[in-house]
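Novice: structure, please.
(one chain, ligands or ions: 1)
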Amino acid sequence: MTLTAEPQVKVATHCPYCALQCGMSLSGTAVAPREFPTNGGGLCQKGWTSGSLLTTPTRLTTPLVRVDGELVPTTWDDALDLVARRIAEIQAEHGRDGIAVFGGGGLTNEKSYLLGKFARVALGTSQVDYNGRFCMSSAAAAGNKAFGIDRGMPFPLTDVGKADAVLLIGANPAETMPPFMQHMRSAIDAGGLVVVDPRRTPTAEQASLHLAPAPGTDLALALGILHALVAEGLFDRDYVDSRTRGFEAVWQIVARWWPERVERITGVAAADQRRVATVLANARNAYILTARGTEQHASGSDNVSAWINLALALGLPGRAGSGYGCLTGQGNGQGGREHGQKADQLPGYRKIDDPAAREHVARVWGVDPGTLPGPGRSAYELLDALGTDSGPKAMLVFGSNVVVSAPRSSHVAERLRTLDLLVVADFVLSETAAMADVVLPVTQWAEESGTMTNLEGRILLRQKAIDPPAGVRSDLEVLNGLAERLGQPGERFPVRAETVFAELREASRGGLADYSGITYERLHDGEALYWPVTGTDHAGTPRLFLDSFAHPDGRARFVPVEHRGPAEPIDDEFPLILTTGRVLQHYQSGAQTRRIAELSDVVPEAYVEVHPDTAARHGLADGDWAEVVSRRGETTARVRYIASMRPDTIFLPFHFPGAQRANLLTNPALDPTSRMPEFKVCAVRLTKKDGAE
Ligand code: SF4
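Specialist: Presented below is the predicted three-dimensional model:
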């Protein structure tokens with residue numbers, strides 16, 4: 001089907017930001033909320049103001065190339081010729097893996113798919129990964145272990161809206177995705193919303209019970225609650241016996257983590273741990289939902305496994321009206337990791353080292369499976385290797401701003417500076433684009449059609465609503481232009497999203513994330529399609545696991561995990577715990593939201609939340625400029641007194657650039673399974689900024 005842009009015609013589409021993918025309508029650039037199950041007709045401030053992105057005066061409309069240290073305008077042909085020539089030269093000297101590709105969790109399914117194909121086929125490089133690795137790969141790893149499949153929420157969000165108990169761990173949807181909170185109303189009214197978060201966030205304010213463990217001790221807390229559940233005979237023995245394996249091995253560990261012992265490590269009262277066990281066990285319908293707060297740790301996969309173990313002991317996953325889920329953050333965090341821009345995956349959530357998967361995908365791509373590279377480096381390891389003897393010498397970045405969003409970001413910037421070639425495709429001059437040798441101005445959300453997969457695993461059609469400004473091209477056109485210059489047949493890299501999607505359907509056919517039955521027509525007609533959708537007459541799978549889990553024997557797995565605490569404990573030199581997160585007005589690296597006056601006027605600069613006693617001990621008044629220092633760097637932020645903060649913990653939002661980057665401080669210690677960095681906890685000290693009044 002053909003989707004045409006007709007300015008001023010009301011086009012049904014979705015928000016450009018987070019994974020809630022709220023329904024909205026666009027008339028030109030005017031945004032109006034639209035009734036859709038995830039948002040129920042609501043939008044947050046980011047969604048309401050997203051039309052401003054389409055008219056931002058900082059929009060890039062001309063390719064830029066670096067000459068004598070300055071980025072200067074050039075033509076598309078010259079820019080693409082230059083990039084292709086340099087790629088060929090670098091690969092001739094350093095081999096196929098001399099070129100890296102870095103994608104993003106905001107890219108549409110079509111772009112994610114074509115980017116992975118471009119890396120493996122046109123470049124022949126294994127060095128491809130994406131910023132979704134920073135987002136929820138730990139939950140994905142734990143979900144795969146427990147259930148044999150990773151779909152963030154294996155049920156529609158509206159199901160959660162009927163529950164009388166919800167345990168939210170490391171999630172702050174009241175700020176990050178406010179329309180989500182309508183689905184918490186039933187649990188709030190029943191006195192069953194429990195929030196686990198070191199901070200008393202706006203979400204925690206609405207909870208019946210707020211548990212504030214020391215950052216990095218979530219796993220111990222999960223063990224304590226599970227201990228209480230079993231010790232008090234509240235766990236679901238029949239479910240454990242009939243639908244799971246491995247409980248005994250988990251209990252051998254959990255038996256040693258009685259609530260009083262857990263209280264000493266986490267600071268959460270034993271009585272509160274027991275109360276949570278009782279609330280969840282007595283609920284008619286209950287959900288356990290995790291997010292970045294528990295995932296972004298060097299033990300992130302194990303943390304999530306511990307919460308899934310609790311959910312399994314309660315008999316929640318695969319029971320109608322109950323379950324375990326993970327709240328995906330980025331707009332296409334779910335779809336972005338299913339179709340091949342991840343270092344170890346091929347489309348359809350296939351593993352790149354599985355011979356049958358390689359055979360299938362290579363056939364769809366029309367290439368010899370033997371030519372497909374194997375797994376590459378994970379996101380941070382890839383960034384860390386740039387410009388080293390064994391690492392890539394060039395990188396192409398699509399939809400990511402790693403200079404702000406990657407951990408230990410000054411080191412990442414240093415690695416970028418050593419590259420022979422850095423190419424960034426973006427629609428504004430992000431901090432990463434500003435460092436590039438070549439900048440390619442591309443279309444943004446409402447200027448192009450494509451599909452997104454929201455936090456429920458539901459596939460959505462985000463329709464083109466307006467024409468792009470003259471001079472910009474879509475990412476698909478960029479990949480096509482480069483592929484042709486690298487000797488590929490142009491038709492192998494289509495520029496039309498629907499054509500790419502048709503190929504994606506075939507590549508995903510038979511995989512875990514099977515999109516083969518999804519068409520643009522079905523999406524356009526408003527069908528609610530949750531993967532897998534195995535044929536055009538298949539209605540999709542809104543609820544997974546009702547009959548069986550995705551392991552060969554149909555049973556879920558308990559996974560034994562031990563508490564080990566943060567990779568970097570506090571000490572005399574760095575005596576405070578830093579945790580990081582988002583604020584209502586900004587999204588991810590802020591490259592988009594910092595350009596919207598209505599948002600940046602409200603939160604224009606970095607701040608650090610500190611308990612007043614802690615601040616006073618450091619000689620800091622409310623509103624002072626402070627320096628926060630870790631072993632990796634220092635950042636500047638304005639002090640905010642927050643009486644509800646733990647005295648041992650401070651908080652920085654991570655949306656700000658330059659000297660206010662929270663990620664100058666964060667620890668790149670990686671989870672051994674998911675390779676996710678430990679964004680959520682590191683040791684710091686706090687001082688008054690030199691020269692500040
Ligand atoms: S940012 Fe998220 S919660 Fe806010 S309007 Fe967009 S999709 Fe909805």
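Novice: in this structure, which residue sits nearest the ligand?
Specialist: G47 (2.4 Å; C-beta to the nearest ligand atom). Using the backbone N, CA and C atoms, a C-beta is placed for each residue, glycine as well.
Novice: what about that residue, helix or strand, and which?
Specialist: Counting by DSSP states H and E, the secondary-structure element that holds G47 is helix 45-48.
Novice: please save the CA atoms from stretch 512-521 in PDB.
Specialist: Provided in PDB are the C-alpha atoms of stretch 512-521 (Å, rounded to 0.1, in the frame of the first residue of the first chain):
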ATOM      1  CA  LEU A 512      11.000 -16.500  18.100                       C
ATOM      2  CA  ALA A 513      10.000 -13.000  17.100                       C
ATOM      3  CA  ASP A 514       8.000 -14.100  14.000                       C
ATOM      4  CA  TYR A 515       6.500 -11.100  12.100                       C
ATOM      5  CA  SER A 516       5.700 -13.100   9.000                       C
ATOM      6  CA  GLY A 517       1.900 -12.600   9.300                       C
ATOM      7  CA  ILE A 518       2.100  -8.800   9.800                       C
ATOM      8  CA  THR A 519       1.300  -6.500   6.900                       C
ATOM      9  CA  TYR A 520       1.100  -2.700   6.700                       C
ATOM     10  CA  GLU A 521      -2.600  -3.200   5.700                       C
END
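Novice: now that stretch: average pLDDT?
Specialist: Mean pLDDT, taken over the full extent of stretch 512-521, equals 97.
Novice: roughly how far is it from the heart of the chain?
Specialist: 22 Å (C-alpha atoms, centre = their mean, to the nearest Å).
Novice: in it, which residues are buried?
Specialist: The neighbour-count check on stretch 512-521 (16 or more other C-beta atoms under 10 Å) flags L512, A513, D514, Y515, S516, G517, I518, T519, Y520 as buried.
Novice: hang on, the earlier thing: list of residues touching the helix holding G47?
Specialist: For helix 45-48, contacts defined as C-beta atoms under 8 Å, 6 or more residues apart in numbering pick out 15, 17-18, 22, 24, 31, 33, 584-587, 593, 598-599, 602.
Novice: quick one: which of those is most hemmed in?
Specialist: Counting neighbours by other C-beta atoms under 10 Å, C15 leads these with 29 neighbours.
Novice: list the residues that contact it.
Specialist: Shown here is C15, whose contacts under the criterion C-beta under 8 Å, 6+ apart are Q21, C22, M24, L43, K46, G47, S50, G331.
Novice: re the thing from before, filter the contacts of helix 45-48 down to the ones near the ligand?
Specialist: Restricting the contacts of helix 45-48 to those near the ligand by C-beta under 6 Å from any ligand atom leaves C15, Y17, C18, C22.
Novice: tell me which two of the contacts of C15 sit farthest apart.
Specialist: Distances among the contacts of C15 were taken as C-beta to C-beta; the most separated pair is L43 and G331, at 14.1 Å.
Novice: who has more neighbours out of the two?
Specialist: When neighbours are counted by other C-beta under 10 Å, L43 and G331 differ, and G331 comes out ahead with 31 against 21.
Novice: next up, the contacts around the residue lying closest to the more buried one once chain neighbours are set aside.
Specialist: Distance criterion C-beta to C-beta, 6 or more residues apart in numbering; nearest residue to G331, sequence neighbours excluded, is G106 at 4.8 Å. By C-beta under 8 Å, 6+ apart, the residues touching G106 are P16, Q330, G331, N332, G336, G399, Q588.
Novice: what do you get if the cut-off is 6 Å, keeping everything else the same?
Specialist: When the contact criterion is C-beta atoms under 6 Å, 6 or more residues apart in numbering, the partners of G106 are Q330, G331, N332, G399.
Novice: quick check: residues of the stretch 1-150 of the chain near the ligand?
Specialist: Within the stretch 1-150 of the chain, the positions lying close to the ligand (C-beta under 6 Å from any ligand atom) are C15, Y17, C18, L20, Q21, C22, N39, L43, C44, K46, G47.
Novice: state the pLDDT value of the first one.
Specialist: C15 is assigned 94 on the pLDDT scale.
Novice: do the same with the fifth one
Specialist: On pLDDT, Q21 comes in at 94.
Novice: just to confirm, which helix or strand has it in it?
Specialist: Assigned by DSSP H and E, Q21 falls within no helix or strand.
Novice: about what we covered before: what sits up against the helix or strand following the helix holding G47?
Specialist: Under the assignment DSSP H and E, the closest C-terminal helix or strand after helix 45-48 is strand 64-67. Outside of strand 64-67, the residues that reach it under the criterion C-beta under 6 Å, 6+ apart are L71, T74, A79, D437, V438, V439.
Novice: given strand 64-67, what are its sheet partners and their directions?
Specialist: strand 70-73 (antiparallel), strand 438-441 (antiparallel) (DSSP bridges).
Novice: most tightly surrounded among these?
Specialist: For the strands paired with strand 64-67, ranked by mean neighbour count under the definition mean count of other C-beta atoms under 10 Å, the leader is strand 438-441 at a mean of 26.
Novice: export that strand as PDB, just CAs?
Specialist: Presented in PDB, the C-alpha positions along strand 438-441 are these (Å, rounded to 0.1, in the frame of the first residue of the first chain):
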ATOM      1  CA  VAL A 438      30.900  13.300   8.000                       C
ATOM      2  CA  VAL A 439      27.300  14.200   9.200                       C
ATOM      3  CA  LEU A 440      24.400  12.900   7.200                       C
ATOM      4  CA  PRO A 441      21.100  14.800   7.700                       C
END
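Novice: C-terminal to that strand, what's the next element?
Specialist: Using DSSP H and E, the helix or strand that follows strand 438-441 towards the C-terminus is strand 450-453.
Novice: can you list the neighbours in contact with that following strand?
Specialist: Against strand 450-453 from outside (C-beta under 6 Å, 6+ apart): 21, 108-110, 331-332, 334-335, 459-462, 497.
Novice: C-terminal to it, what's the next element?
Specialist: In N-to-C order, the element after strand 450-453 by DSSP H and E is strand 458-462.
Novice: H339 belongs to a strand?
Specialist: No. With DSSP: H, G, I helix; E, B strand; the rest coil as the criterion, H339 is assigned coil and is not in a strand.
Novice: what's the pLDDT at it?
Specialist: Reading off the per-residue confidence, H339 sits at a pLDDT of 93.
Novice: same thing with Q592?
Specialist: Reported pLDDT for Q592: 80.
Novice: rewinding a little: among the buried residues of stretch 512-521, which lie within helices?
Specialist: Among the buried residues of stretch 512-521, the members falling in helices (DSSP state H) are Y520.
Novice: can I get the buried residues of stretch 512-521 in CSV with distance to V608?
Specialist: Below are the buried residues of stretch 512-521 laid out as CSV (distance: C-beta to C-beta, whole Å):
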residue, distance to V608
L512, 42
A513, 40
D514, 46
Y515, 43
S516, 49
G517, 49
I518, 45
T519, 49
Y520, 47
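Novice: ok, the buried residues of stretch 512-521 vs R199, which is closest?
Specialist: Closest approach to R199 among the buried residues of stretch 512-521 (C-beta to C-beta): A513, at 33.9 Å.
Novice: contact partners for that closest one?
Specialist: Taking C-beta under 6 Å, 6+ apart as the test, what A513 contacts is E338, G348, Y349, W531.
Novice: show me which residues of the protein sit near the ligand.
Specialist: The chain comes close to the ligand at residues 15, 17-18, 20-22, 39, 43-44, 46-47, 177-179, as judged by C-beta under 6 Å from any ligand atom.
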